[in-house]
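**Q** got a predicted structure here, sequence first:
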Amino acid sequence: MTVHIDSLDDVRSLAESLRHLHKRTSSGTLGTTRAVTMNFVVFVDAPSVREWVHERTLSVAEKHPSRVIFIDAASSREGADLIPTQQQTVTHTSTNERVELSVGSLDPNNLAGLLDELRLREVPTVLWWAGKNGCDDPRFQDLRKQATRVVVDSSLSERSGNSVRSLANALALDEHQPVFDLAYLRLDPWREMIAQFFDNDDSRQDLSSITAVEIDSGSEAEAIYLSAWLSNLLHWSPTSHRSFRSQTGHTITFLHRLRGELRRVLRVVLTTDGSEYHAEVSENDPSVVSLSITGVHKRAPWLVPLQSIDNLSLIERAILAPAIDPVFFNTLRITAGMQGR
Amino acid sequence: MTTLISGTKNAEGQSNPLRTGMDTNRINDPCSFVLFGASGDLARRMIYPAMYNMRLNDILPSTFSIIGFSRTKYSNDEFHTFVKSSIEEFSRSGPPNEPLWSEFAGRLSYVSGEFDEIEAFRRLADRLDENDEKLGCNGNRLYYLSTPPHIFTKVVDCLESVKLGPRNNTKGWTRIVIEKPFGLDLASARALQNEITRVFDEKHIYRIDHYLGKEPVQDIMALRFANMIFEPIWNRRYVDSISITAAETVGVEGRGGYYESAGALRDMIQNHVINLLALVAMEPPISPKADHIRDEKFKVMSALRPIQADLVPKVSARGQYSDGLIDGKPVPGYREEESVSPTSTTETYAAVKFYIDNWRWSDVPFYLRTGKRLARKVSEIAVRFRQIPHRLFGETGDQIDSNVLVLKIQPDEGISFRFNAKVPGPKTHIRSVSMDFNYGTGFGVLPPPAYERLIGDAMRGDATLFTRWDAVEIAWLAVMPVIERWSETAPNDFPNYIAGSQGPLSADALLFADGREWRRI
């Protein structure tokens, strides 16, 4: 049933082939339904992550019935494969299509036109951008114009700090488009743990006297996001890429130590005038974090399970999350300020 | 540069700015969870695995304790072993791992005693004080009665005697979770309510019905009130009838003693099934707040037409299963089950027809049925719409069926809609087709088990999914005429359906008399 097309030049004939395929798979088997919740558009241009991204794309589509449009710019060849897909449960068979486009060095304008022809109009379009150059790539700007929401992963890039910056710059152009960075979503458990320190009245007073933030992580994006998140919610202004100023005018130093695996945070320490708030991944079990407070608000260590959220779940969260997250949006703006100095 | 965002309030009503915008299920209030009936089957199968999974998913507060209370003589170590083995056997996340298990176990302790032994409750009070001090539980207490119903009042009395009731707790909040059944009839339910409310106010009481914690039950409201297309036709003008089915393939599963005094009507119709009826028939609540939803449920249950005693045989049917085959395997009849009398007249199947006397539902029959050892495990609500007023299409012999919207609760949670379409070809043949939506394939997200959801809600103080007393009372009022009539007239045809079948013929007759029929189980 798979249809292969050698050239992407004739966009209309490609769309026509897709419509034929759609009709063929729609017709008549009892118990077969067609359910489409979105166009899931995925862009990848690095051969090193192509398979990884492709595998997760199929997993997402398996759980969320979609028209998948997989744009592969990792190889130099050009062509399209139109592939019918089926998911089966005990009582249902659900059919869809996947379009795999090898776009080589196709002109960005043609790429946008291609997507415009191939996507279904009546469902939302989610763009998962896995481009190696972050969001500076002109193709990102072209594709995202057709997307109702955008998912990126700044940590995919070796220079993840730069990726965060390029996302912040790209977003500056449009404040109304829901955008999700997996590098930020991955930090949910850490944000929760840091918030936990300050749930009681006594410790909460310490929020205004934080003087230093130390973060150990395997890539820079996580540390930048966590410190910018604190800055956002505690109303600190970035004064350099390594310091903030509080509302009362005192300086907060930010230290990032590159340690451990990519995308993993190992340790966060917040120092205040009288106490130190310490969260560190357990040496015995990487899925547990030990939290403790020393100093004035001393509290015996307690353990918190570190929810290891797999990438597939993060993508799903980004797809299902309700619209724009203002906390993330403002955090991202701060990252631009941090790195731009 | 930054936009000012005010902090969100935590459970104590204070603001932690770092929680702004945080979408979390985590419970912030420290809490001691006291489980009465700690060595029982429900605790072992459901509650410990639920608590441990809540811990694994970081839903429990960072400061909590679990105290088991039961008659069984356990040391703390033996209790830990008991809890650990229950998690190993029944937890959805598999056996417990270190170091989290040790940390969890460090918060588990046990008090052994009779349920009316004041001295044991004093030991419990000491343990709670100790946990407040050492584990930081802040005086917040959630009591969970996982005991037989006749124990409820003993526990409540003893709690009050040692000043563990809410009126004596000046440090934090006190709540009590009570398992169903809430009474065995209207009189015993009222007596139980009077006893409990001597100590606990209604706002402290969480009557748990795990059925209402199931995700698809909550989806009923979303379907009705998050879509524009259903509400305009959700009334007597368009709806012909509504049937609600809760069918099981299992028998009494070792609970013969309890079931003998309950039966299908008390065990399922009075609580689960009537609650489904309320959700499907109520008016839109003004907000999703617990009391607004519960007000609407109560209003529609208040409109259930009282069943006249002499009409009971016409509007109800009962049955009891004999031996038969389930999934090709032989199973015993009800009377051969453990702790069941060989001449038992307890019904294992019940069907009742109700009417709701209000503007929306006048004269629309609601057919409710439940049974054990039926052909298939299925819970669903089928909304059958009226026939078209004038037939335009269809060749001779074509049957134009009514539209049916089915809300499938289990298994394969979803929605299906049956409508008529023209068969392709030169003639205008009309045939029924079905449009199906399946939550599993539609969203691909596994909802948490009902007990995790409900225990978490009780800890948060969210009573939306728990049953308020007025609803319990009105549900008893609705079924009492049937209970009384059935107890006065012993059935002479029991057992009257074969295990693995569709149920008794008398249930079919109930609908045939109205020119309708049940959907096949």
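**A** Received the coordinates, thanks. Numbering: from 1, shown residues only, chains lettered A, B, ... in the order given.
**Q** in the stretch 151-300 of chain A, what residue comes closest to chain B?
**A** Of all residues in the stretch 151-300 of chain A, A:Ala195 sits closest to chain B, at 3.9 Å by C-beta to the nearest C-beta. Any C-beta I mention is one placed from the backbone N, CA and C, and that applies to glycine too.
**Q** who's in contact with the residue nearest to the spatial centre of chain A?
**A** The centre of chain A sits closest to A:Leu182, judged by C-alpha atoms, centre = their mean, with a distance of 2.4 Å. Neighbour list for A:Leu182: A:Val151, A:Val152, A:Asp153, A:Ser154, A:Ser155, A:Asn311, A:Leu314, A:Ile315, A:Ala318 [criterion: C-beta atoms under 8 Å, 6 or more residues apart in numbering or on different chains].
**Q** now do the contacts for residue 252.
**A** Chain wasn't specified; assuming chain A. A:Ile210, A:Thr211, A:Ala212, A:Val213, A:Trp236, A:Ser243, A:Phe244, A:Arg245, A:Ser246.
**Q** meant chain B actually
**A** Listed by C-beta under 8 Å, 6+ apart, the contact set of B:Val252 reads B:Tyr259, B:Tyr334, B:Glu337, B:Val340, B:Thr348, B:Lys372.
**Q** please apply the same query to A:His54.
**A** A:Val42, A:Val44, A:Phe70, A:Asp72.
**Q** what is the burial count for the second one?
**A** Read that as A:Val44. A count of neighbours around A:Val44, defined by other C-beta atoms under 10 Å in any protein chain shown, yields 24.
**Q** for it, list each beta-bridge partner.
**A** Beta-bridge partners for A:Val44, by DSSP bridges, are A:Asp72, A:Ala130.
**Q** quick one, strands of the stretch 201-350 of chain B?
**A** B:205-208, B:239-247, B:316-319, B:321-322, B:324-326, B:329-331, B:349-355 (DSSP state E, counting those that start in this stretch).
**Q** mind listing what the closest residue to chain A within the stretch 101-250 of chain B touches?
**A** Relative to chain A, the nearest point of the stretch 101-250 of chain B is B:Glu103 (4.7 Å; C-beta to the nearest C-beta). Residues near B:Glu103 by C-beta under 8 Å, 6+ apart: A:Trp302, A:Leu303.
**Q** repeat the analysis, applying 10 Å as the threshold.
**A** Counting by C-beta atoms under 10 Å, 6 or more residues apart in numbering or on different chains, B:Glu103 makes contact with A:Val288, A:Ser290, A:Trp302, A:Leu303, A:Val304, A:Pro305, B:Arg55.
**Q** point out where chain A drops to low pLDDT.
**A** Residues of chain A meeting the criterion pLDDT under 70: A:1-11, A:21-35, A:86-95, A:157-160, A:172-175, A:308, A:339-341.
**Q** residue in it nearest to chain B?
**A** A:Lys63 (2.7 Å).
**Q** what about that residue, how many residues nearby?
**A** By the measure other C-beta under 10 Å, the count of residues near A:Lys63 is 18.
**Q** longest helix in chain B, please.
**A** Scanning chain B for the helix with the most residues, using DSSP state H, yields helix B:469-488.
**Q** now that one, how far from the centre of its chain.
**A** Its chain's average C-alpha position is 18 Å from that of helix B:469-488, according to C-alpha atoms, centre = their mean, to the nearest Å.
**Q** and the angle from that helix to strand B:349-355?
**A** Here helix B:469-488 runs at 120 degrees with respect to strand B:349-355, directions being taken by axes from the mean of the first three to the mean of the last three C-alpha atoms, to 10 degrees.
**Q** got a list of what the residue nearest in space to the middle of chain B touches?
**A** Against the mean C-alpha coordinate of chain B, by C-alpha atoms, centre = their mean, the closest residue is B:Tyr211 at 2.4 Å. Contacts for B:Tyr211 (C-beta under 10 Å, 6+ apart) come out as B:180, B:217, B:246, B:268, B:271-273, B:275-276, B:379, B:409-410, B:450, B:465.
**Q** can you add neighbour count, pLDDT and distance to B:Thr174 and give the contacts of B:Val252 back as CSV?
**A** Listed next are the contacts of B:Val252 as CSV, based on neighbours: other C-beta atoms under 10 Å in any protein chain shown; pLDDT from 0 to 100; distance: C-beta to C-beta, whole Å:
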residue, neighbour count, pLDDT, distance to B:Thr174
B:Tyr259, 24, 90, 33
B:Tyr334, 28, 96, 41
B:Glu337, 23, 92, 39
B:Val340, 22, 93, 39
B:Thr348, 31, 97, 38
B:Lys372, 24, 96, 37
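**Q** which of those residues lies closest to chain A?
**A** Closest approach between the contacts of B:Val252 and chain A, by C-beta to the nearest C-beta: B:Lys372, at 22.6 Å.
**Q** hang on, isn't the closest one packed against B:Glu253?
**A** Yes: B:Lys372 is within contact range of B:Glu253, at 9.1 Å (criterion: C-beta atoms under 10 Å).
**Q** can you list residues touching both of those two?
**A** What both B:Lys372 and B:Glu253 touch, as defined by C-beta under 10 Å, 6+ apart, is the set B:Tyr259, B:Glu337.
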